[in-house]
Structure formats: C-alpha cells, structure tokens
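Peer 1: Got a predicted structure plus its sequence, pasted below:
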Amino acid sequence: MAVAGLAASPVFAQTPDEILSAIRQDAGEGMSGFKGFSAARGEAFFKTTHGGEWSCASCHTENPAAQGKHAKTGKLVKPLAPSANAERFSDPSKVEKWFKRNCNDVLGRECTAQEKGDVLTYLLTLR
C-alpha cells in the first residue's frame, strides 16, 4: 500500500513529525478502527524477523541510534533514529522508497501505514 500522504507531499525537506502526520492521515483513511501508533508495537516490529531471515534490526542494529551494516552486502548504514541522524525521515520520497524496499526485504510485501507509523513512533522515542 503506497502512503498517499507521502506521495502527495512536496519534495522539500520535512520533519519526522510531519512525515509521521502524513502516515497517520493515510492510516486513518485506510483502516477502520485505527486508534493511533504505538512505540511498543514499533519496537517489537523492528526487532522481529516475521518468519524470514531478517528483521529491521538485522541491518540497523538493536539500537537504531547506532551505525549499522547491511546484513548481506556489509555496506555501512547510517543511524536510523532521527535523534542520531537528522537526515532521516526528512524527505518524503526517500522515506517511501526505503520503507518499500526494506519492508519487502523483511516481510516480502510492503508495510502497512500502521506498521510504518508504529516503527517511526518507536524511532522518535530514541535519544
């Protein structure tokens, strides 16, 4: 499911909170009974393999405020948490691109707006 709020957003830099707001709008429009995002669900999602080999933490580490390394290629990955890397979650097109690619690697499908929002909510709690 493409995040309509992200796709329609201007290309200029935004804040992680603005990106989260766009995801929240998409989740609210697309999910009956949507009650908000959860950092606890986001952390669990981030650290779980979901039946495959990889989790988000496989490349981004158990501490997404730290530098990671791609599990297959060994390429260094900058910290994912916005508190440790101000560039993260500031460009809607990059956010959508990387969620799409990484969710497919971890889940074999695109993430839902709920999953994206939960993960970003979790990442925003990290200092």
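Peer 2: All right, it came through fine.
Peer 1: Test my guess that Thr61 contacts Gly68.
Peer 2: Yes: contact between Thr61 and Gly68 holds when scored by C-beta atoms under 8 Å: they sit 4.6 Å apart. Glycine gets a C-beta too; all of them are placed from N, C-alpha and C.
Peer 1: what about this structure, any weak spots by pLDDT?
Peer 2: Applying pLDDT under 70 to the chain picks out residues 1-13, 30.
Peer 1: ok so, going back, Thr61 and Gly68 - which one has more neighbours?
Peer 2: A count of neighbours by other C-beta atoms under 10 Å puts Gly68 above the other of Thr61 and Gly68, at 20 against 16.
Peer 1: Give me the phi and psi for that one.
Peer 2: Backbone torsions for Gly68, taken as degrees, to the nearest 10, come to phi -120, psi -170.
Peer 1: Spatially, which residue comes closest to it, not counting chain neighbours?
Peer 2: Of all residues not flanking Gly68 in the chain, Val77 sits nearest, at 3.9 Å (C-beta to C-beta, 6 or more residues apart in numbering).
Peer 1: can you give me the strands in this structure?
Peer 2: Using DSSP state E, the strands of the chain run over residues 68-69, 76-77.
Peer 1: most packed of the ones you listed?
Peer 2: For the strands of the chain, the largest average neighbour count (mean count of other C-beta atoms under 10 Å) is found in strand 68-69, namely a mean of 17.
Peer 1: and it, which strands flank it?
Peer 2: With DSSP bridges as the test, strand 68-69 is paired with strand 76-77 (antiparallel).
Peer 1: Off-centre distance for the partner strand?
Peer 2: 16 Å (C-alpha atoms, centre = their mean, to the nearest Å).
Peer 1: what's the answer for stretch 35-54, then?
Peer 2: Counting by C-alpha atoms, centre = their mean, stretch 35-54 is centred 10 Å from the centre of its parent chain.
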